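Q: With the input below, show me the fold.
(2 chains)
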Amino acid sequence: MKTALLALASAAAIAVAAPAAAQDDVKLGVLLAFTGPLESLAPSIADGAELAAKEISDSGQFMNGATVTPVRGDSTCIDAGAATAAGERLVTSDGVAAIVGAMCSGATSAVLQNVGIPNGIVMISPSATSPALTNVEDNGLFFRTAPSDARQGEIIADMLSERDISEVALTYTNNDYGKGLADSIASAFEAKGGTITINAAHEDGKGDYSAEVAALAAAGGELLVVAGYLDQGGKGIIQASLDSGAFDTFLLPDGMVGDALVAAIGDDLDGSFGVLPGSDSDGAGVYAKLAEEAGFTPGVYSGEAYDAAALILLAMQAAQSTESADFKGKIMDIANAPGEKILPGELGKALELIANGQDVDYVGATAVELIGGGESAGSFREIEIKDGAIQTVKYR
Amino acid sequence: MEGLLNAIVLITNFAVVPGLAYGSQLALGALGVTLTFAVLRFSNFAHGETMSFGAMVAIFVTWGLQAYGVSIDPLPTALLALPAAIIVTVLFVLGTDRLIYRFYRDKRSDQVVFIIVSIGVMFVMAGLIRFIIGPNDQIFTDGARFLISARDFRDMTGLDEGLAIKTTQVITLATAAVCVLLLFWFLQKTRTGKSMRAYADNEDLATLSGIDAGRVVVIAWALSAALATIAGTLYGLDKSYKPFVFQELLLPIFAAAIVGGLGSPIGAIVGGYLIAFAEVFLTYAYKRFLGHILPDSWMPDGLAQLLATEYKFAVAFVILVITLLIRPTGLFNRRST
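A: I've put the predicted structure just below:
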C-alpha cells in the first residue's frame, strides 16, 4: 500500500514537473496604458507585441517548439502605484518571463524600480521616451525600442532653424514625457539662438483649454510647439488656438502626429509640420501589411512594440533560456549588426538562424539600432500637413 | 483709444467668451448635482458619468439623423437629438435608482453609504460607456462653426486683435439660459416644483402633509439626468466628446455646487461662473493686454501672469477651501448643514 502510494505520488510529481522543465509555454507580459489618458493608443501597441508573440509561437522554431502566451496588464499612464501593482501581478502571479512595457515614461520608471529590478525581469518599453530613462540604474534589464526625446529635441530645433523661425511658444503635457521633451526642445533651440517666449504646461484630460491658450497667445511667437498628445490636451490646445485666432501654425512632435488629429481639426492644420519616429527602411511597409492581415491598423509605437516583443523572444532563443539574467546580454547582439538582416514577418527565419548559431541583425518594423544603455538611436520622419493629409518631407 | 478697444477685444476673445461658455457648462452640471443633493441628500459622484452617458446617447442619435440626411444647418444636428437622449438617460438613471439607490433609501442608510454607492455606480457607468462607444474621441459637431471668426472680425473692424465667437458657444449660453429659466419656473410656480422644495426643506414634514415622496424622488432624478444630458452634450459639442474628460470635470462641478451652496440652484449657477472665470482670469497672461493700454516705457518684462496655467486645477480647490473655511454652507444656502 505504502509503495503504491509513493509510486502514485512520484508519478504525479513527474507529471507536474515535466512541462515546467521543458518550458513549452513562455509567458510574455504586455504592460500598457489600457486605461487613462493614452487608452486610445494602447490597443494597437498591444496588438503589435502580440503579433510578434504569435508569429514566434506559430513558427514552431522557438526554444524547441515552445509557445508564447502574451499576458496583458494595465500600466495606466499617470498612476505609478497602479502600474507597479499591475507589473507585480504579471511577474509574481502570472509568472511572465519578460515584459513589453510600460507605456508612459513615468509608469515605466516606477515599474522598473519596483518590479523589474527587484525581480530581475527584462523590460523593453516600446514608447517611453523620457531622456531621464537614458541614465537610469537598470542592472542591464531595461531597454527601449523608442528613441530618447533628447534626440527629438535636436531634430525639432534643426527643423525650426532651417525654416528661419526664431521665436516660438511652447506648451507641453504635464508629465515626464512632456516635460522631458519640452526641456530638450528648449535647450536645443536656445543653443541655436532661438527664443522660447513661454514654456508652459497643460494638463491632459481637461475639456477646456482657453486659459492655457490665452497665456500662450499673450506671450506670442511665430508658431506654437505642442509637446502633447493628439487625442488629449494637445488637440484641445490646437483647437482652442485656432478658434480664438491665437496661432495658426503648429509644430507637432511625435505624440501629436496622427490622422486622427488631421481628421479632427481639418483644413486649418495645413502648413503645420512635425516629426515622428520612422525610417525609410522596408520594415515599416512590411509591418503595416502584416498588421492589416492580422486585422488591426498600426498606430503610433505599434511597430516599436512588435520589435520589443521580437527582441525579447529572439534573445531568449539565443540564450536558450527564459531567465532574464541569461538573455539580457543577448538583446544588444540581436538588435545590432553584424548578421543577417531580419524584417517583420521573418521571425521564424531568425529563430532558425539563431538556433544554427548564426548572427542576426534585427531590423524590424522600425529599423532598430540600440545605442548607449540600450535605447533606439532613432530615425525620424519629418512630415508636413498639406491639403488635409500628412505628407512625408524627408527622413532624418 | 484704439489701444483701449484692442485691449477690450483681446480680453473678450481670450477670457470673457470662453469663460462664459465654460461657466455655463459647469453651471448646468452643478445644477444637477445640487438638485440630487437637495432632494436625495447625497453628493452624486456618478453625475459626471451621467453627463457622459447622455452625451453618448445624443451622439448615437445624431449619427442616426445624419445618416438619414436630417439637418438643421447652420445649427448642429445634436440639438435635434437632445430630446431622445434625455429620455434614454432619464430611463437609465431611473433604472439605476430602482435597482440600487432605492434599496439603500428603504433601509434609510447613512449619507456616506449613498456617496460610496454613487462612486460604485460611477465606475460601472464609466466601464459601460467605454464598452458601448469606446475610449476614443468622437466628433459630432456639424453646421456652421463660427458665428464670427477672428480673421473676419479683424477685416471688419480694422483692429489688430480678433474676436472669435463659435456657434457652439452661443448655443451653450442660450440653452443654459433657457434651462435655468425653465427650472426656476418649475421650482417656483408649479405644484410639483413646490412639493419638491418642501420635500427638500423637511422630508418628514412634507411626507406628513401628503406629498408623495416616491414621486418627488423620481422627478429629482429625471431633472438631474436631463440637465446632465444637456450639459454633457453641450460640452461635447463645444470641445469634443471623450469619456475620460467627464471624470476630470467632476472636480470643478462639485466645487461650483459647493461654493454656491449645495442644494441651492442659484448658488450652482453663480458657482459655475465663479469657478470658470477664476480659472481663466487668474491664469491669464496680461502682457499683451497691458501692451495695448500702457505706454511702452511702463511695460512689464514678464508675462504679467498671476498664476501659471498648470495651477489652473488648483484654482477650483483653493476657492473650495476658502469657501469651506469662511462660509461652509456656501454663498447661497440658507440652511446650515
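Q: List the residues that contact whichever residue of the stretch 151-300 of chain B sits closest to chain A.
A: In the stretch 151-300 of chain B, the residue found nearest to chain A is B:A285; the distance is 3.5 Å by CB to the nearest CB. Using the backbone N, CA and C atoms, a C-beta is placed for each residue, glycine as well. Neighbouring residues of B:A285 by CB atoms under 8 Å, 6 or more residues apart in numbering or on different chains: A:I198, A:A214, A:A215, A:A218, A:A219, B:L303, B:A304, B:Q305.
Q: what stretches of chain A score poorly on pLDDT?
A: Along chain A, the model assigns pLDDT under 70 to residues A:1-23.
Q: Not counting its neighbours along the chain, what's nearest the residue in it positioned nearest to chain B?
A: Going by CB to the nearest CB, chain B is nearest to A:G245 of chain A, at 2.6 Å. Excluding the flanking residues, the one nearest A:G245 by CB to CB, 6 or more residues apart in numbering or on different chains is B:A150, at 2.6 Å.
Q: same question, B:I133
A: Of all residues not flanking B:I133 in the chain, B:M56 sits nearest, at 5.0 Å (CB to CB, 6+ apart).
Q: show me the contacts for that neighbour.
A: Contacts for B:M56 were tallied using CB under 8 Å, 6+ apart; they are B:I129, B:I132, B:I133, B:Y241, B:P243.
Q: all strands for chain B, in order.
A: B:146-148, B:165-166 (DSSP state E).
Q: Just the buried positions in the longest one, please.
A: This means strand B:146-148. Residues of strand B:146-148 classed as buried by neighbour count (16 or more other CB atoms under 10 Å in any protein chain shown): B:F146.
Q: So which other helices or strands are in contact with that strand?
A: Identification of packing neighbours for strand B:146-148 by 3 or more CB pairs under 8 Å, 6 or more residues apart in numbering or on different chains; DSSP states H and E yields strand B:165-166, helix B:167-189.
Q: got the contact list for B:D97?
A: B:D97 sits next to B:V217, B:V218, B:W221 when contact means CB under 8 Å, 6+ apart.
Q: how about the residues of chain A near chain B?
A: With CB under 8 Å from any CB of the partner chain as the criterion, chain A meets chain B at residues A:35-37, A:39-40, A:174, A:198, A:200-203, A:205-208, A:210-215, A:217-220, A:231, A:235-236, A:239-240, A:243-246, A:260, A:263-264.
Q: Quick one: buried ones out of the residues you listed?
A: Neighbour-count burial (16+ other CB under 10 Å) applied to the residues of chain A next to chain B gives A:35-37, A:39-40, A:174, A:198, A:200-203, A:205-208, A:210-215, A:217-220, A:231, A:235-236, A:239-240, A:243-246, A:260, A:264.
Q: Spatially nearest residue to residue 52, not counting backbone neighbours?
A: Here I'm looking at chain A. Nearest residue to A:A52, sequence neighbours excluded (CB to CB, 6+ apart): A:A309, at 3.8 Å.
Q: not what I meant, chain B
A: Spatial nearest neighbour of B:S52, excluding adjacent residues (CB to CB, 6+ apart): B:F246 at 4.0 Å.
Q: correct me, but that neighbour touches B:G48?
A: Yes. Contact criterion CB atoms under 8 Å: B:F246 and B:G48 qualify, at 4.3 Å.
Q: Could you check which of the two is surrounded by more residues?
A: B:F246 (31 against 28; other CB atoms under 10 Å in any protein chain shown).
Q: Contacts only, for the more buried one.
A: Neighbouring residues of B:F246 by CB under 8 Å, 6+ apart: B:G48, B:E49, B:M51, B:S52, B:G232.
Q: likewise B:R41?
A: B:R41 sits in contact with B:Q111, B:F114, B:E203, where contact means CB under 8 Å, 6+ apart.
Q: Narrow those to just the buried residues.
A: B:F114.
Q: from the contacts of B:R41, which single one is nearest A:L252?
A: Nearest to A:L252 among the contacts of B:R41: B:F114, at 45.9 Å, using CB to CB.
Q: That closest one reaches B:R102, doesn't it?
A: No. In this structure, B:F114 is not within contact of B:R102 by CB under 8 Å, at 11.4 Å.
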